[in-house]
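here are the coordinates; sequence isn't available:
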């Protein structure tokens, strides 16, 4: 017994020494191998465009104020559904605390988003209803597409003085937002301006050149058409290119959607564009995300109003704010 | 002793840890030494390339190919990157020639990049490049988003298909980009970034245009290099040192002017037909048609597709080189094939750049129907084999369900990437689906013409359960079980050895104490007895006491003998038993008869010791209770067993198996411990026989084991001698 009691301090001393070594190595590993994960992943349909960099600015403004890191990435093309699903999966692998996503299409994104929700990741969806019921960890930020359609109808009615023919391009049933625009436009046009006829409709195509070809055929077959309503950025650009090519920009009025093509408004090449306030949508999404992270969502959705941009308000403060791309300004 | 072991363990652990740390430190020092010094020179296939590890080029988007001494990105993805070098590089300069292949984009170098991913501006780092959208040299920083600090005009304008020399330097927190353009115009952009990125790799990047790079060199940058690149006296030099500012990269002018430029050159044929409608043309009459579509493959044949289908355009006449993703208009003679059409003698005109189409995901069975002929598809298959023709062409054979197909590439850069693929891997491939027999080798329903390394993605490694791995697993398990068995045997043997040593120690203790005491007491009693009067009752009592002491002494010596069996290994079981028997009978009238039959074989210590103990107990019982004349010891070596019989011609007893005595129960327990069988036979007047039969290990194993033991013993002896 005596011998054992004499041995014990030595043993403890040796164990303590070994423990220190082990603790040192473990601490080194922890310090060296772990990196703080980004807090929130923000995944637009694509990056580097007027439409989505404005959202970046809005998101970053709120994130900076709240001390959150943002992982901002998206597919290189706006129609790359699989690419967006992969970016989402990668973000989740990186251990983000939340996701703000603007789905390229509704149906293919439903399962990946649902799986992320099942893992307890708070999500805010921008722009499109995925069909998933809002809850503690899911909320939506919408652009008021009904209002956008109404604005377009009102503008066309005013431009044509209540009488004439119009073509609708870029109808996309895979995005509920664009489908809503089309429905709202025609409903309001028929209701308010019954003497304006929709004589041509085309479905959305993935590239500008394809949209342009559609517009070219439209102009070739219907040279007396009075106006075109283009429901997406691609169709707006395609229609504008075709009108320029046919030298019809002054006789056929073009009302477009989404703000990737603003410059021709000043020259009259495009009459007007109905802009999404993606800057404010980004801010609203981050505020909803804050709620989800700390309390659980108290609002199922936020709806923001679009803005009709014409020559008259092109240089207004509100347009400048929507087009503020300085995401890096803290 | 315990303390010594703990100390040894601790110091051993520390020594191992120190070796590990030293190894890691050495490795880090090596990496630091080899990677910290930026040094790179690549002529892309021409003489003098000096590619400095590590890992080579890594692509993030784009379609990269090495052609004629230059690196090409033939796709006009937005923000495609190709990165190389070390993340530890700090102060260095990247230099080379850059060529824009299409309009409306930019191309240049990235520097000090980290955390690169596929995506627009998806990295942390700096970019300097030439942009023909607005004819500028741009310099900025990406942090998963673009921040453009400098946009300097190139007064002479930028042209496609023309080489420009570009230098990009990073020294501490100063970034300098310099472009040499036409008319000896030199434009220098400078950025002082107080919160600069300090380390990172370098690379090539293009945005919305195809581009090419050549004569690439990276070298360390010094302060004097920086000062040389800073402006001095050249009249054409324009310098604007800048802090992070508020330059708006999306100004209306930036968008509007290039658009106008593109529109000036554009007017398409309104009578263009959908590609699928070409199938409806009269098959026997030559038809001149126009189609519009997006380029999906440039080489070996131009492929174009629209939303209705794809078409091959061999030997196309293109004024401006077209790239993957370009929208084109093609006019030529249509030729109808089985599943798609071919446009011959076609003139191809660029309509728009950067409008790439995504692939259609199809199964091999769907592709095998021919419905996707000439279209850009994505499909999956398991790699069966790989054939190479020289260093360039690679043909992969794949299986998927009931279909087999091949994937072909003719690009060296892709061939290099495919080196790591193993048969059995599941691959996801992108490329143009062709049913042409020339590609499909007359055996397969279709082939996939791949365009770059990014068109191959391994989604699943080869299944682990192949024949080789199963054999390896079995061998491994056998080795492991053998090792465990050996360890267990060694452990048991050392345990047994310890027991034997303890017995010997007890025997010695008893010999030195108990037996000596018995001898001393006996001697004293005999002396007293001598002094006592003969015939007196005291003498009788003393004589009786002396007898008791002698009997006790005898029993003690027997027990000591039982505890000290001697060296079984050296003398053998039969001899050891005979000696034990001689010790037990102590020179009495009992005869010991020993016989050995069969070839004596080495046996494990646990078996020999157990047999010895059983035999010893049987001899002792015979002497104590049987009063025999002769005790027969018989040892029979058979295959695969050894049998020991101890038989006596004594009085015997009425043997009842159901109620054995204490001694026999002990023998039974010992026999059970080595899985041996014990048989006892006895009857009054006919003596007693105790027979034990034990199974021995195989001769081969036993011989090996014997060698091991002998070797071990010799080493032990040498250790003791030392």
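All right, it came through fine. What you see is a predicted model; the values in this text were computed from it and never measured. Residues are numbered from 1 along each chain as shown, chains lettered A, B, ... in the order given.

Is the one helix or strand residue A:51 maps to positioned near chain B?
Using DSSP states H and E, residue A:51 sits in helix A:50-66. Yes: counting by C-beta under 8 Å from any C-beta of the partner chain, chain B is contacted by helix A:50-66 at A:50, A:53, A:56, A:60. C-beta: built from backbone N, CA, C; applies to glycine.

Which member of those is positioned nearest residue A:162?
residue A:50 (32.5 Å; C-beta to C-beta).

ok, residue B:560 touching residue B:507?
Yes: Residue B:560 is within contact range of residue B:507, at 4.7 Å (criterion: C-beta atoms under 8 Å).

Compare the two (neighbour count), which wins?
residue B:560 (21 against 18; other C-beta atoms under 10 Å in any protein chain shown).

what ranges do the strands span in the stretch 1-150 of chain A?
Secondary structure of the stretch 1-150 of chain A (DSSP state E, counting those that start in this stretch): strands located at A:40-43, A:70-72, A:98-101, A:123-126, A:138-143.

cool, the stretch 51-200 of chain B as well?
B:58-60, B:64-67, B:70-73, B:78-84, B:92-100, B:106-114, B:124-131, B:136-143, B:146-153, B:163-171, B:174-180, B:186-192.

would you list the ones you listed in TSV and tack on distance to chain A and mean neighbour count?
Listed next are the strands of the stretch 51-200 of chain B as TSV, based on distance: least, C-beta to the nearest C-beta, whole Å; neighbours: other C-beta atoms under 10 Å in any protein chain shown:
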stretch	distance to chain A	mean neighbour count
strand B:58-60	10	19
strand B:64-67	15	20
strand B:70-73	12	24
strand B:78-84	5	24
strand B:92-100	18	23
strand B:106-114	11	25
strand B:124-131	12	25
strand B:136-143	7	23
strand B:146-153	5	20
strand B:163-171	19	22
strand B:174-180	16	24
strand B:186-192	14	21
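
Now do the same contact list for the residue of the stretch 51-200 of chain B found nearest chain A.
With distances taken as C-beta to the nearest C-beta, the stretch 51-200 of chain B approaches chain A most closely at residue B:120, which sits 3.9 Å away. Residues counted as contacts of residue B:120 (C-beta atoms under 8 Å, 6 or more residues apart in numbering or on different chains) are A:46, A:47, A:48, A:74, A:76, B:78, B:79, B:146, B:207.

right, and the pair among those residues with maximum separation?
Among those, A:74 and B:207 lie farthest apart (C-beta to C-beta), at 14.8 Å.

where does the nearest residue to residue B:148 once chain neighbours are set aside land on pLDDT?
Using C-beta to C-beta, 6 or more residues apart in numbering or on different chains and skipping residues adjacent in sequence, the residue nearest residue B:148 is residue B:140, 3.9 Å away. On the pLDDT scale, residue B:140 is placed at 93.

Would you check that residue B:140 makes contact with residue B:168?
No: the pair residue B:140 / residue B:168 is not scored as a contact, 11.8 Å apart, by C-beta under 8 Å.

where do the contact lists of the two overlap?
In contact with both residue B:140 and residue B:168: residue B:126, using C-beta under 8 Å, 6+ apart.

show me where chain A has helices.
A:2-33, A:50-66, A:81-93, A:106-118, A:145-160, A:176-192, A:208-221, A:233-245, A:263-267, A:278-294, A:317-322 (DSSP state H).
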